[in-house]
Each structure stands twice: as structure tokens, then as C-alpha cells.
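Peer 1: 3D model of this:
(chains A and B, ligands or ions: 5)
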Amino acid sequence: MADTKKVTFRVQRGETVQGQYASRVEEFEVEYGRSTTVLQALEGIKADQDGSLTFRRSCCASICGSCGMVINNRSRLACKTKVRELVEGIPEKNLQGSDVIEIAPQKNQPVIKDLAVDISEFYQKVDKIDPYVQEGKEADKQVTKSSFEQVNMVSNCIMCGCCYSDCTEMVESPDFLGPAALAKAFRFVADPREGHKTERLQELSEKNGIWDCTRCGMCVDACPKDVAPMEAITKLRTRAMEAGVTDNPGARHAIAFKNDIAKGGMLNEPMLLLKTLGVAGAVGQLGNALHLAKKGKIPSIFPHKVDDVHEVESIFKELDANPIEVETKQEDTGPGAG
Amino acid sequence: MAKKALNYAYYPGCAAKQIQKEADWSARAISEKMGITLHDMPKATCCGAGNLQEHDPAAGLAVCARIFSQAEEMGMDICTICNTCLQTFTFANERLKNEPELLEKINAVLSKAGVRPYMGTIDVKHLIWVMVDDLGIEEVKKHVEKPLNGLKVAPFYGCHALRPYEVFNGRGGQSPQYLDTIIGAIGGESVDYNGKDKCCGFHTMLVQEDTFLKMSGGHSLEAKREGAEIMVSPCTLCDMALGAYQARSEKYLGQKIDLPEMSISQLVGTAFGLDHKKLGFNRLHQNPEKVFKSRGVA
Ligand code: SF4
Ligand code: SF4
Ligand code: SF4
Ligand code: SF4
Ligand code: FES
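Peer 2: Ligands and ions are numbered 1, 2, ... in the order given. Below is the predicted model:
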């Protein structure tokens, strides 16, 4: 083959034996050309160097979602990632080039063998959000094309688990529903035909749901289909508060900001705590507060007012009187959407 | 060639104004030294931190646009020292710049409230971007009086300055460099560790404290294992999570961490030979003096 170069693949291999994961790292020399994908390189290793290397794949065209794995520290689809890009770097993602390609199984899930992980929990969580339109009294009879501007992007999800694997919240909180399931939940909340929107929002506002996301953005970065789960989670929060599902710390916290900004312009941290957690919760935070106080870090109960803060009050009043629509939308991106 | 004037509309954020005052003090002190002029924004409110934006997206955009308009009137880009402010602003600014209809709608609201409309011409930058991109790292080096002598520094970038990479125009993304560049320029040695571009969990602190303490404490422990003697972040909220709350993490994890944490401005200030009191060292929860002494950075 003309124009081929060589690069080292450092592959984390291993399997789970009697509940214990035993891993090792093996290196393979791989030849690649302009358009060789990581998946093709792995196929090459399996064919020519070690037939026991285990990974999943099917479509080779970023449709089936089976080849998600950790490639140079981030979860990516092996069939969509070019070896050349990893070696040379991807400027738009500010990813520096690297002379070794490191391959590992997806995170936040148990490894079965080599690069194949057990995806059952990932699927169970999607199942938990009832991934189908339900009949009920909130169902709209009329469905316009524009109503799908909210649903389109989430419908592109191919269940590859890349977001789930890179989700930072999941690392310390394994029961978190996770980006993909929550994004899918948004798809049903936003679907005009759905009959139980409010009930869904209530359930999603409970523990391990929308308010547990740290907003770290990892899922947005990881998703090969531009689903942007974090954006969907944010929209779920907005819709939950709109629907009056506000009896939880997450919502109370978010709501407290508006009042503070309107009143003095700045956050009133001690009051924020009270409003978010209630008196009992705030007392629970007393240890933290005293700890901060040791270093003189006691925010004033009456923070300094910013100049012309009445302007902000006028802005809020105007928006209350004449609300405007600002939600982001996505066009139909072709087959598979909708 | 005449040196270009570096003037910015300075937006420290609520945390730096109320709790993490040392980040504000040191940012001002090092900027002065480097000839970066930070101009106060007396009318600027809290940015909403993403929370207002979730609760009331239109109000969230309008509040940001009002702040941008002030900077525009001053004829300057905004410079901030908090990642969450940076991201909240950047989200809003990207939309207002790229969606003319949206800008028009928001400006109509501003006008009715007697606020100057926003023309979509400013950029929002972090102080560390200003130091590297606008001032230039060679300029930064010129002010070093007490180089860090190979001190091992763990950079904690903080997620809100990195993702989604699309909105940061090449300044966020998957191989962040700014902190490493600055640490190198002042004589330190960057420690590489997995957590450096992950999340400290700050924004779920009130919803689920245990997860937050595990996340933040975990990053500090990992950095320490990789040899870090000190940790720095560019964000007042990361500072709080990793520094001010470190003892809480220790208690929760039942394990000593003992890794001094400070804002990047405080570390730069140290290398510039600024007075530690002026840099707010007495407000830090882990005393860094021992570490500096051991490297001869008295
Ligand atoms: S933004 Fe939320 S859902 Fe997405 S990776 Fe981070 S914690 Fe997980
Ligand atoms: S942030 Fe992204 S990857 Fe993580 S859980 Fe949400 S959608 Fe999935
Ligand atoms: S949201 Fe994106 S990353 Fe997550 S499973 Fe779906 S396609 Fe994969
Ligand atoms: S690391 Fe924590 S405090 Fe820093 S930007 Fe991310 S969530 Fe915010
Ligand atoms: S093989 Fe189907 S998505 Fe990669």
C-alpha cells in the first residue's frame, strides 16, 4: 500500500474471572493509511497478529453503536475515528497528536473480555425511563413538523454508550441514570404525543435523575451523533420547573438565583443555602460553613448591591409580561431522525 | 513596536467577590505586574451560573447580554477568573452572535428596560487565555523573580473551561494547555493525571454532598499519587471544591489528602515575588509555605 505509516497500538486487554477483573497491556505495531479507522486497525491485529483480541462491531459506519471504546483517553466509536487524526491531532477538538494509540474498554461498566463490556445496566437504565410514547391526558392531538425540532437530535442516539462511559457523575454515583437515558427521556417529554409529561418530569427529578448531573459536558464531547445529552438534561430541568416540579434541592437552588439577581444583582450565598436545603438541610451544612468561617470566608448576608440593578428588575418584568421563546432547536438531519 | 494596551472589562464572579476573595486579589496583583489593566464593571450582576439559565432561559440570556453590553460600551472584552462564569457567558455569547433573530429579541427586551442593546462584538476570555494569547508567555516569563525550581504542580483545568469544545473556539477541548504553559513559564513542572480535565462535582454539592466529596477528594488524591506537591485551578469554584472543602473530603474519605491547593493567580504571584499576604495565603485551607520552602521559593 502506498503512503502507509506505522504506529503502536497499546491495548488494554483482560477479562473478568470470578468477579475479579484482571488486565494487562499489549502493544501491536499497526500500519495505517490516510483513511484507516481504529476499527480497521483492530481488525488487522485480529486477522494477522492475535486472533483472540475481542471487541464488538457490526456496521462499520457509525450506525449500530457497537464499537464504542476508550481511544486515547476518551470514549469514541472505533469505526468513526481515523488513526491518522489521532496521530496528527484534531485541531477543532484541540486534541494534540500522539505517537501511541491507547485503546481500552469503555468505563463505568464491567468488562467481559478485552474491549467488550457488559452493557446490560446501560440498557436497563434506558428501559427505566419507559422509552415509548404513552397515552394519557397530556397527549396533544396535533403534531406539527416544528415540534420535532426538539426531538430530532436525541433521536439520533445509536446507544453506543460513549457518553455513559465518559460521564463523570457515573464514576462516583453508579445508580445515576446517565446521559443517554436522560437524553432519551427528554425525547419523550418533548414529544407532543406523550400523555404523561408531568409525571415523567416528576420521576426524573428524583434521586439519580436530572439534578444529579454535574454539568461537566463530557457527554456532549463524547457523543458521536451530536445528541448533546447535557443540553437535553438542562432542558428537562427547565421543563420540570415550568411544570411546577420544584420541591427538590436542585430546582430550589436554580430558582433562588433569579430572585437574588433581581434584588441586589449578586448571589446571597447564605440565603441561597437556606432556600436550597431548607432550615434542616442548612443546619446540616453548618459544618461546612464553620469550616469556611475558619478562614474568614463568611459571605455577607447583605451582599453589596450592583449599580443600576433596577434595570434587571425591569428586564424580568418585561419578560414576565411578554415572554419570548429562546429554546435551541435542531433541524431534521435525515434518515434515522424523527 | 509599541506594546499594545491590554484593557479588559474585569468580571471576577460572585464567588471571588464574596468567598474566594484571594483569587480576586491575586488576579489583580499579577495583572498589574504584567501590565494588564482590569477595569471594574460596577453594573454587572451575577451571570446566573447556568442555574438562572435553566430556570428561565430567556432571563438568563438577557442578564448576560446586559453585562456584554456594558463591556462593549467600555470598548473591551470581558476577562474572568471563574470557569462557570466563562462557560455561562460563552454559551450566551455564541448564541447571541450566531442567531441574529435571537439577538434582536433579547435587545428588544433590553431596550424596553432602558438598557443599551448588545451589538455582538465582544469576546469573553479567561485571565489565563489573556496571559498566553494576548500578552504572550515570553512577557509572563519576564516578571518571574522567584522561579518555582521544578515544583511539581498539578493543574486542575475544570470542566467549564473545556467543554463543549465547539463553543470555546479551540481554547477548550481535549488537550488543554494553558495551565501547563503558565506552570512551565514560572519554573514549575506540570504533573499529568487523569482527573486534570474532569469535574470536581461542585455543581451537585448541595444536591448530593457525598458524591461531590468523593469526586473532588479523589482528584486530589490521584494528583498526589502522581507526585504533585501543590494543585492549582483557574476557577474560584474549583478552588473552593478542591481547596476549601479538602478537609471535608478527607473526613468523608477517612483519609489524609494534605495537598495545598490555590488559584493559578496565587501561584503566578508567588513566582513574581509578590507578598504572600497580598496574595491571600492566610485564607488558604492548606498552608503551602512548607512546600515552597522545600523548593527554595521563599
Ligand atoms: S454533563 Fe452530566 S450527564 Fe453529561 S457527562 Fe457530565 S455529569 Fe454526566
Ligand atoms: S453527559 Fe453525555 S455522555 Fe454523559 S451521560 Fe450525559 S449524555 Fe451521556
Ligand atoms: S447519546 Fe450519543 S454517546 Fe450517548 S449513547 Fe447515544 S449516540 Fe452514544
Ligand atoms: S471543575 Fe467543578 S467548579 Fe470547576 S468548572 Fe467544573 S464543575 Fe465547576
Ligand atoms: S461498528 Fe457500528 S457504530 Fe462502529
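Peer 1: secondary structure element for residue A:177?
Peer 2: Per DSSP states H and E: residue A:177 is located in neither a helix nor a strand.
Peer 1: up against ligand 1, what does the stretch 151-300 of chain A have?
Peer 2: A:167-169, A:179, A:213-219, A:229-230, A:233 (C-beta under 6 Å from any ligand atom). Every C-beta, even on glycine, is put in place using the N, C-alpha and C of the backbone.
Peer 1: try it again with 5 Å
Peer 2: Residues of the stretch 151-300 of chain A lying close to ligand 1 (C-beta under 5 Å from any ligand atom) are A:167, A:169, A:179, A:213, A:214, A:216, A:218, A:219, A:230.
Peer 1: give me the number of residues near the spatially closest residue to residue B:123 that is not a sequence neighbour?
Peer 2: In space, and not counting its chain neighbours, residue B:123 is closest to residue B:77: 4.5 Å by C-beta to C-beta, 6 or more residues apart in numbering or on different chains. For residue B:77, the neighbour count with other C-beta atoms under 10 Å in any protein chain shown is 20.
Peer 1: partners of residue B:77 in the sheet?
Peer 2: residue B:8 (DSSP bridges).
Peer 1: quick one: the helices in the stretch 51-200 of chain B?
Peer 2: B:51-55, B:57-74, B:83-98, B:100-112, B:127-129, B:137-142, B:178-185 (DSSP state H, counting those that start in this stretch).
Peer 1: close to ligand 4, is the third one?
Peer 2: To tie it back to what came earlier, the one meant is helix B:83-98. Yes: residues of helix B:83-98 are located near ligand 4 by C-beta under 5 Å from any ligand atom, namely residue B:83.
Peer 1: quick one: distance of that helix to the chain centre.
Peer 2: 15 Å (C-alpha atoms, centre = their mean, to the nearest Å).
Peer 1: cool, and the fourth one?
Peer 2: Remark: helix B:100-112 is offset 29 Å from the chain centroid, using C-alpha atoms, centre = their mean.
Peer 1: okay, now the unreliable bits of the chain?
Peer 2: If you meant another chain, say so; for now it's chain A. Along chain A, the model assigns pLDDT under 70 to residues A:1-2, A:268-290, A:293, A:296-303, A:332-338.
Peer 1: actually it's chain B I care about, not the one you picked
Peer 2: B:1-4.
Peer 1: switch to 90 and redo it
Peer 2: Counting by pLDDT under 90, chain B shows low-confidence ranges at B:1-5, B:14-20, B:166, B:169-170, B:200-210, B:240, B:244-245, B:247-248, B:285, B:298.
Peer 1: domain map for it?
Peer 2: B:6-126, B:136-294 (automatic domain parsing).
Peer 1: rewinding a little: quick one: contacts for the residue nearest to residue B:123?
Peer 2: B:8, B:9, B:71, B:122, B:123, B:124, B:125 (C-beta atoms under 8 Å, 6 or more residues apart in numbering or on different chains).
Peer 1: what is the burial count for the third one?
Peer 2: The burial metric for residue B:71, expressed as a neighbour count using other C-beta under 10 Å, is 25.
Peer 1: which residues are in contact with the closest residue to it other than its chain neighbours?
Peer 2: Closest residue in space to residue B:71, ignoring its immediate chain neighbours: residue B:9 at 3.8 Å, by C-beta to C-beta, 6+ apart. By C-beta under 8 Å, 6+ apart, the residues touching residue B:9 are B:39, B:41, B:70, B:71, B:74, B:76, B:77, B:78, B:79, B:122.
Peer 1: any figure for the gap between residue B:9 and ligand 1?
Peer 2: Per C-beta to the nearest ligand atom, to the nearest Å, residue B:9 is found 29 Å from ligand 1.
Peer 1: how about the closest residue to ligand 1 within the stretch 1-150 of chain B: what's its closest non-neighbour residue?
Peer 2: Taking C-beta to the nearest ligand atom, ligand 1 has its nearest neighbour within the stretch 1-150 of chain B at residue B:50, 11.0 Å off. Nearest in space to residue B:50, with sequence neighbours left out and distances taken as C-beta to C-beta, 6+ apart, is residue B:88 at 5.3 Å.
Peer 1: next one: the one you found from residue A:265, what distance?
Peer 2: Computed with C-beta to C-beta, to the nearest Å, the distance linking residue B:88 and residue A:265 is 15 Å.
Peer 1: phi, psi for the residue of the stretch 1-150 of chain B closest to ligand 1 please.
Peer 2: phi 80, psi -20 (degrees, to the nearest 10).
Peer 1: next, the contact list for residue B:149, please.
Peer 2: B:187, B:295, B:296, B:297.
Peer 1: roughly how far apart are it and ligand 5?
Peer 2: For residue B:149, the distance to ligand 5 - C-beta to the nearest ligand atom - is 49 Å.
Peer 1: ok, residue A:227 next?
Peer 2: Taking C-beta to the nearest ligand atom, one finds residue A:227 at 14 Å from ligand 5.
Peer 1: burial of the residue lying closest to that residue once chain neighbours are set aside, as a residue count?
Peer 2: In this structure, residue A:227 finds its nearest non-sequential neighbour in residue A:157, 5.0 Å apart by C-beta to C-beta, 6+ apart. For residue A:157, the neighbour count with other C-beta under 10 Å is 24.
Peer 1: same deal with residue A:198?
Peer 2: Counted with other C-beta under 10 Å, residue A:198 comes out at 17.
Peer 1: now do the buried residues in the strand or helix carrying residue A:260.
Peer 2: Element membership for residue A:260 (DSSP H and E) is helix A:249-263. Residues A:249-258, A:260-262 are the ones in helix A:249-263 that count as buried (16 or more other C-beta atoms under 10 Å in any protein chain shown).
Peer 1: does it come close to chain B?
Peer 2: Yes: using C-beta under 8 Å from any C-beta of the partner chain, helix A:249-263 comes into contact with chain B via A:249, A:250, A:251, A:253, A:254, A:255, A:256, A:257, A:258, A:260, A:261.
Peer 1: okay but the last one is in contact with residue B:49, surely?
Peer 2: No: the pair residue A:261 and residue B:49 fails to qualify as a contact (C-beta atoms under 8 Å) at a distance of 10.0 Å.
Peer 1: between those two, which contacts overlap?
Peer 2: Common neighbours of residue A:261 and residue B:49, counting by C-beta under 8 Å, 6+ apart, are residue A:267.
Peer 1: what sits against the closest residue to residue B:271 other than its chain neighbours?
Peer 2: Excluding its sequence neighbours, the residue lying closest to residue B:271 (C-beta to C-beta, 6+ apart) is residue B:186, at 3.7 Å. With contact set as C-beta under 8 Å, 6+ apart, residue B:186 has these partners: B:140, B:141, B:144, B:147, B:148, B:267, B:268, B:271, B:272.
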